[in-house]
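J.: Using only what follows, build the 3D model:
(one chain, ligands or ions: 1)
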Amino acid sequence: MSQQHPAEKTDPAPAAVTHPPADRDVATAGEPWPRQRGRGATPRVSRAVLITGCSSGIGHATALRLQAAGFAVYATARRPESLTELAAAGITTARLDVCDEQSMTAVVGQITDEHGAVGILVNNAGFELAGPVEEVPLAEARRQFETNLFGLARLTQLVIPAMREAGGGRIINLSSVFGRFAVPGNAYYAASKHAVAGFTDALRLELAAFGIRVVLIEPSAARTRLNANTTWAASRSAGPYADFHTQLADWHARTFAGPPHNIAGRLAVTADQVAAAITNAATTRRPRARYPVGILARGLFLLRRWLPAPAFDAFLRTQFPAPQQTLTPARRAAHP
Ligand SMILES: NC(=O)c1ccc[n+]([C@@H]2O[C@H](COP(=O)([O-])OP(=O)(O)OC[C@H]3O[C@@H](n4cnc5c(N)ncnc54)[C@H](OP(=O)(O)O)[C@@H]3O)[C@@H](O)[C@H]2O)c1
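T.: Predicted structure coming up:
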């Protein structure tokens, strides 16, 4: 196959990619997978999978599942040392930061050289920015979008040409339940995931004619390192949101750390459950547009659909902390 596109011919920087010691894979390059419906000859789609954010959580679990399913997995992360466990399992690892153009072109170039194209892209890398809108510096908000949306978008641009020439492929994007609604303290994370959802909906329609399937994964709370990696951008000790900050941090701890103490924590899914949904989306003949993951995600989406907005807001207020006005004696006198 010669699906190489000029965009992938930039210096592939071989040092960026660490191969497993064994003589695995590569022989599978060019096998038809999975059979795509379309006009003309049966396309031959690459079995190479590129996953971002594999240092922990969902990306790590997905790399293991897709390797077990027989794909040639390229597991990537910002810090190569965080990938040693996956490398020991025989998975090809590479450094890739979705905010670093050179690292993305290097890895895509390498895969294109070895397999003709990326067959499946799993846009998993992301982080959560927490804090009330009034206090979050816009520089932090922009960083949230650089990673969660524009990093995903750029990597998608890089893989499309060879996928299109190969006649098929899959792009699987990680959104969240917060891609369909939002709660106090997560405006920018939710906005970035809403943006990923809109981006994915448009992309699915744009690429359908080329045999490229585009899928959105929408997990509810998953017990990963997302909480530990959360960037907190708010005043912890003073100001109108100090109490809210404490309550929000407490909500996160109850949900993600130790024994679960709230509904979101008790119904949280594991990284492997999300990885199973991604594997299903990667391998099924006709992937769905969206995969909610977890009973909580499905329940919340039903409520979101059927409840009027004021009733859904009231429900959210019973489940998530929100800032409260603390009245000084002077204000209390002015607003009895
Ligand atoms: N856990 C949940 O409750 C949940 C729910 C819904 C959706 N999600 C989404 O699922 C995805 C995976 O999250 P997770 O739960 O598995 O959390 P996680 O354990 O914190 O994993 C996030 C991964 O993204 C990586 N990452 C962050 N910024 C990056 C960048 N600029 N370039 C490359 N990699 C970067 C992290 O790498 P470092 O180790 O270098 O920081 C880490 O490997 C995220 O998109 C998240 O928004 C998570």
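
J.: Pull up the per-residue confidence for Trp251.
T.: Per-residue confidence (pLDDT) for Trp251: 93.

J.: which residues does it contact?
T.: Asn262, Phe320, Pro321 (C-beta atoms under 8 Å, 6 or more residues apart in numbering). Backbone N, C-alpha and C define where each C-beta goes, glycine included.

J.: From those, pick the one nearest Val98.
T.: Phe320 (28.3 Å; C-beta to C-beta).

J.: Could you check how far the closest one is from Leu50?
T.: 35 Å (C-beta to C-beta, to the nearest Å).

J.: just Ala221 next, same as before
T.: Ala221 is 26 Å from Leu50, where distance means C-beta to C-beta.

J.: Nearest residue to Phe256 in space, please, no chain neighbours.
T.: Spatial nearest neighbour of Phe256, chain neighbours left out: Asn227 (3.7 Å); criterion: C-beta to C-beta, 6 or more residues apart in numbering.

J.: Might you calculate how far stretch 230-241 sits from the centre of the chain?
T.: Its chain's average C-alpha position is 26 Å from that of stretch 230-241, according to C-alpha atoms, centre = their mean, to the nearest Å.

J.: Of all the residues in that stretch, which ones are buried?
T.: For stretch 230-241, burial by neighbour count (16 or more other C-beta atoms under 10 Å) applies to Thr230, Trp232, Ala233, Ala234, Tyr241.

J.: The third one: what's it in contact with?
T.: Each residue near Ala233 by C-beta under 8 Å, 6+ apart is listed here: Leu129, Ala130, Gly131, Glu135, Val136, Pro137, Glu140.

J.: ok, 7 Å please
T.: Ala233 is in contact with Leu129, Gly131, Glu135, Val136, Pro137, Glu140, counting by C-beta atoms under 7 Å, 6 or more residues apart in numbering.

J.: now the contacts of Trp251 in TSV, with distance to Thr156 and secondary structure?
T.: As requested, the contacts of Trp251 are exported to TSV (distance: C-beta to C-beta, whole Å; DSSP: H, G, I helix; E, B strand; the rest coil):
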residue	distance to Thr156	secondary structure
Asn262	35	coil
Phe320	31	coil
Pro321	35	coil
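
J.: What's the local residue count around the closest residue to Phe210 other than its chain neighbours?
T.: Of all residues not flanking Phe210 in the chain, Arg164 sits nearest, at 4.6 Å (C-beta to C-beta, 6+ apart). Other residues lying near Arg164 total 18 when counted by other C-beta atoms under 10 Å.

J.: which secondary structure elements does the lengthiest helix in the chain contact?
T.: As assigned by DSSP state H, the longest helix anywhere in the chain is helix 187-207. In terms of contacts (3 or more C-beta pairs under 7 Å, 6 or more residues apart in numbering; DSSP states H and E), helix 187-207 is packed against helix 138-145, helix 152-166, strand 169-174, strand 212-219.

J.: Sounds good, over and out.
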